[in-house]
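Enquirer: let me see the structure of the following:
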Amino acid sequence: MINRKTKCSLALAVAMIGGAPLFGAAPNPANPPANNQPNPANMPADMGAARPLDSAHLAFKTWSKLKGENLYTGSTDDKKLGDIADVLISRGSGRIDYLVVKTDTTLGFGGKLVLVPYNELTINDTDRHEFRLNVSQDQMKAMPEFTAQGWQDIGNPNAGAGSKTLAQALANHAARERQDVYASNIDTAQKPTTIEGKITDVDRRWSGGSEYVVITVQDDAGKKQDVNLGPAWFVMGGENHPVRGERVKVSTLHTKGGDATLLATNLNIGGHDVRYRQDTGAGSWTTADESSISPTRHVLATELVAKAVDSRGSVCGKVDDLIIERNSGYVAFLSLDPDQNFMGIGDTKRLVPFTVANPRHDGKVTLDATKEMILASSPYPKNLDELRADDFRNKAYSGYQVRPQNFMAREHMNPGDPRDPQEDRRIPDRLAGMTG
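Expert: This next block holds a predicted model:
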């Protein structure tokens, strides 16, 4: 068994206390990244020397197997903290930001549900306990409480105090992704432009620590142009999200510099207008009320499983399970249980890359994929270890005509992150910051 001692560090979710980022410096809007210089898929630009996990260090696990796993304190204490009851997944990227842990009744408070940042886990295959968290049982009691009512109430101005506490905990950690790295670099001297054509590609690219959706639009003359729509969690969670093959009309602003970025203000798709930025250039996601951010950004694993899946307007099946790459903390694939009436095939489960799946905030799950793509996709493997082989994994993506996903180990931290990776004593302080 390969020893994968992964001390995870979520560089993208930043806790805020007194306005100061606790997980390292926030991106500088005055120095946005150069346009059209995408990093490899899912490789954040601010992850320093981080590299994708190689095949030997990939570890795939289904949500059905992860659910119910025990969580223990550090090895020197070795006490049970609770069981994994759910996970909070970023809609745009599939990144798991938090575990929902049902605390052990031995902690003395009846086994409530609490939020635990995924980046604080220690994961070790050779340990008798796979998942550990370096907190005491007393510190676990102070974690923000998660309730079903609280989750449903997020964004409701009349919600109770407990619901507002949960909303604030999530909003604190969402602070980084609400920022707009292009805000101060918009060229107001240039006139806005309008592009009409067909979407040929929908890509997710890292800019200043957040994942943005960039579409490629090909006009009738054959010219292709890239347009940055906004953060993935904001764009792909919407009802009228971009889909390959759709004709669109997009209004854009320009950033300064010789290699200017086109930023969408308004996108007309399928006869619907979607506003991504104000005419001044301000991102629509930055002006939303804090309490409304969290339900837009996250979806629960338990909300996805058994959900009907739509492919270009027709139900093609349902979500049977989620396949998680454990060491990066990303949902890699959905396991699709196909609808035989639509697909014309038997009950052979299919792999669907999360990069073509859109868990929308209205509760629907849609695919940027045709029936033919699903039919050409890889069947669910007999053993998940098969996904560690590059050829097998790449085939699962090629059927959908998308690039294979790279999975980043969360042990790599932001440059400027003040934490010493060998020093665990600061962890309780960071966890306490969730409710700051």
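Enquirer: mind checking pLDDT for the residue nearest to residue 317 when sequence neighbours are not counted?
Expert: Of all residues not flanking residue 317 in the chain, residue 338 sits nearest, at 4.1 Å (CB to CB, 6 or more residues apart in numbering). (C-beta placed from N, C-alpha, C; glycine too.) With respect to pLDDT, residue 338 has a value of 90.
Enquirer: kindly report the same for residue 427.
Expert: The model reports residue 427 with a pLDDT of 39.
Enquirer: could you pull out the helices in the stretch 151-300 of the chain for me?
Expert: Assigned by DSSP state H, counting those that start in this stretch, the helices in the stretch 151-300 of the chain fall at 161-173, 175-178, 232-235, 293-297.
Enquirer: state the mean pLDDT of the second one.
Expert: This means helix 175-178. Mean predicted confidence for helix 175-178 is 66.
Enquirer: tell me what residue 89 is bridged to.
Expert: residue 96, residue 299 (DSSP bridges).
Enquirer: which residues in the stretch 1-150 of the chain form helices?
Expert: Using DSSP H, counting those that start in this stretch, helices in the stretch 1-150 of the chain cover 63-66, 137-141, 148-153.
Enquirer: pairing partners for the nearest residue to residue 83 once chain neighbours are set aside in the sheet, please.
Expert: Excluding the flanking residues, the one nearest residue 83 by CB to CB, 6+ apart is residue 102, at 5.1 Å. Beta-bridge partners for residue 102, by DSSP bridges, are residue 83, residue 113.
Enquirer: how much space between residue 102 and residue 283?
Expert: Residue 102 sits 37 Å away from residue 283, going by CB to CB, to the nearest Å.
Enquirer: for residue 213, same thing?
Expert: Residue 213 sits 12 Å away from residue 283 when distances are taken as CB to CB.
Enquirer: overlap in contacts, the two.
Expert: Residues touching both residue 213 and residue 283 (CB atoms under 8 Å, 6 or more residues apart in numbering) are 230-231.
Enquirer: farthest residue from the center of the chain?
Expert: residue 221 (35.5 Å; CA atoms, centre = their mean).
Enquirer: for that one, give me the backbone phi and psi.
Expert: phi -90, psi 0 (degrees, to the nearest 10).
Enquirer: what pLDDT does it get?
Expert: 96.
Enquirer: hmm, back to that, okay, the helices of the stretch 1-150 of the chain in CSV with mean neighbour count next?
Expert: CSV is the format used below for these (neighbours: other CB atoms under 10 Å):
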stretch, mean neighbour count
helix 63-66, 18
helix 137-141, 16
helix 148-153, 16
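Enquirer: residue 102 and residue 283: which has the busier surroundings?
Expert: Between residue 102 and residue 283, residue 283 has the larger neighbour count (other CB atoms under 10 Å), namely 21 against 18.
Enquirer: the more buried one and residue 192: what is the separation?
Expert: Distance of residue 283 to residue 192, computed by CB to CB: 16 Å.
Enquirer: likewise residue 82?
Expert: 52 Å.
Enquirer: what's around residue 98, how many residues?
Expert: For residue 98, the neighbour count with other CB under 10 Å is 27.
Enquirer: okay, it: pLDDT?
Expert: At residue 98, pLDDT is 89.
Enquirer: isn't it up against residue 116?
Expert: Yes - Residue 98 is within contact range of residue 116, at 6.3 Å (criterion: CB atoms under 8 Å).
Enquirer: leaving out chain neighbours, which residue sits closest to residue 401?
Expert: Closest to residue 401 by CB to CB, 6+ apart is residue 373, at 6.9 Å.
Enquirer: for the helix or strand harbouring the one you found, packing partners?
Expert: Here residue 373 sits within helix 371-375, counting by DSSP states H and E. Packing partners of helix 371-375 (3 or more CB pairs under 8 Å, 6 or more residues apart in numbering; DSSP states H and E): strand 314-325, helix 340-343.
Enquirer: swap in 6 Å and give it another go.
Expert: On a contact count with 3 or more CB pairs under 6 Å, 6 or more residues apart in numbering; DSSP states H and E, helix 371-375 meets no helix or strand.
Enquirer: ok, residues contacting it?
Expert: The contact list for helix 371-375, computed with CB atoms under 6 Å, 6 or more residues apart in numbering, reads 350, 399-400.
Enquirer: same check on stretch 67-76?
Expert: 79-84, 101, 129, 131-134.
Enquirer: now do stretch 243-252
Expert: If you take CB under 6 Å, 6+ apart as the criterion, stretch 243-252 is touched by 192-196, 198-199, 202, 227, 262, 264-269, 368.
Enquirer: in it, what counts as buried?
Expert: Within stretch 243-252, the residues scored as buried using 16 or more other CB atoms under 10 Å are 243-244, 246, 248, 250-252.
Enquirer: now do the SS call for residue 401.
Expert: coil (DSSP: H, G, I helix; E, B strand; the rest coil).
Enquirer: quick revisit: so for the residue nearest to residue 83, what's the pLDDT?
Expert: 91.
Enquirer: about what we covered before: now distance to residue 358 too, for the contacts of stretch 67-76, in JSON lines please.
Expert: As requested, the contacts of stretch 67-76 are exported to JSON lines (distance: CB to CB, whole Å):
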{"residue": "79", "distance to residue 358": "40"}
{"residue": "80", "distance to residue 358": "37"}
{"residue": "81", "distance to residue 358": "34"}
{"residue": "82", "distance to residue 358": "31"}
{"residue": "83", "distance to residue 358": "30"}
{"residue": "84", "distance to residue 358": "25"}
{"residue": "101", "distance to residue 358": "28"}
{"residue": "129", "distance to residue 358": "35"}
{"residue": "131", "distance to residue 358": "29"}
{"residue": "132", "distance to residue 358": "34"}
{"residue": "133", "distance to residue 358": "31"}
{"residue": "134", "distance to residue 358": "35"}
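Enquirer: that's all I had, so thanks and see you.
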